[in-house]
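Visitor: Sequence plus predicted model, see below.
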Amino acid sequence: GENVEQHPSTLSVQEGDSAVIKCTYSDSASNYFPWYKQELGKRPQLIIDIRSNVGEKKDQRIAVTLNKTAKHFSLHITETQPEDSAVYFCAASIPGNQFYFGTGTSLTVIP
Amino acid sequence: NAGVTQTPKFQVLKTGQSMTLQCAQDMNHEYMSWYRQDPGMGLRLIHYSVGAGITDQGEVPNGYNVSRSTTEDFPLRLLSAAPSQTSVYFCATRFSQGSGNTIYFGEGSWLTVV
């Protein structure tokens, strides 16, 4: 089955700096890559997603890039704010199959 | 529209006890699933269902049973609780099994087995 690896496991940045989280996947058939944000004690919630026919997608301060050849995708958060502090999960999905999640990145934005 | 509703939110069990975690959705989603979340291990799939009457095993099914008698409900049963089942459990739904449809999580159930 699919194997999704996520790095780093923890990340601390100063407020206003950028944060980058990277994921790799193993199955070239995967074609949908969502990112979830989970605040402490809350459920994971979708923040952005990208499909395999797109190389980059942006939504205000967050963006996701996808390199299908290298089988990796990344989440970029610019101008970080304290409320961006959370655990972020990447996932990969194969058509007609399950979601496979990365192990999560705990992001801390230092005011 | 409540979305995905899980009960109970918190539960403490003794080793060997059984219990059921309830999951109900009002979005008419065909696909329902259960994940467990443990520190450093992300979200791991326990069981899933692609429609009423159909269930299948995920990555970590041992010690758990599920059933899907209706579209709306997908209960998760712990047959004989063990301390290794201490975890946070999330029910998640999706409109269809097709790709590109993201999943929606319930609020989670915190389970402690002592």
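Guide: On my side now, so go ahead. Residues are numbered from 1 along each chain as shown, chains lettered A, B, ... in the order given.
Visitor: measure residue A:67 to chain B for me?
Guide: Residue A:67 is 19 Å from chain B, where distance means CB to the nearest CB, to the nearest Å. Yep, even glycine has a C-beta here, placed from its N, CA and C like the rest.
Visitor: Which helix or strand contains residue B:37?
Guide: Residue B:37 belongs to strand B:31-38 when elements are defined using DSSP states H and E.
Visitor: and that strand, what other elements does it pack with?
Guide: Applying 3 or more CB pairs under 8 Å, 6 or more residues apart in numbering or on different chains; DSSP states H and E, we find strand B:31-38 packed against strand B:19-25, strand B:42-51, strand B:87-94.
Visitor: Show me what the residue nearest the centre of chain B is bridged to.
Guide: By CA atoms, centre = their mean, chain B has its centre lying nearest to residue B:34, at 2.7 Å. Beta-bridge partners of residue B:34, counted by DSSP bridges, are residue B:47, residue B:91.
Visitor: Would you mind measuring from it to residue A:94?
Guide: Look at residue B:34 and residue A:94: by CB to CB, to the nearest Å, they are 19 Å apart.
Visitor: where does chain A come near chain B, residue by residue?
Guide: With CB under 8 Å from any CB of the partner chain as the criterion, chain A comes near chain B at residues A:6, A:9, A:31-32, A:34, A:42-46, A:49, A:51, A:89, A:93-99, A:101-104.
Visitor: Please repeat the previous calculation with a cut-off of 10 Å.
Guide: Applying CB under 10 Å from any CB of the partner chain, we find that chain A lies next to chain B at A:1, A:4, A:6, A:9, A:29-32, A:34, A:36, A:38, A:41-46, A:49, A:51-52, A:87, A:89-91, A:93-104, A:106.
Visitor: got the contact list for residue B:48?
Guide: Residues in contact with residue B:48 (CB atoms under 10 Å, 6 or more residues apart in numbering or on different chains) are A:98-99, B:31-35, B:54-58, B:61, B:66, B:68, B:74, B:92, B:94, B:97.
Visitor: and residue A:62, how many neighbours?
Guide: Burial of residue A:62 is recorded as 18 neighbouring residues (other CB atoms under 10 Å in any protein chain shown).
Visitor: isn't it right next to residue A:50, touching?
Guide: No - look at residue A:62 against residue A:50 with CB atoms under 10 Å: they stay out of range, at 11.3 Å.
Visitor: ok so, going back, now the strand holding residue B:37 against strand B:19-25, angle please.
Guide: Taking axes from the mean of the first three to the mean of the last three CA atoms, to 10 degrees, one finds that strand B:31-38 is oriented at 130 degrees with respect to strand B:19-25.
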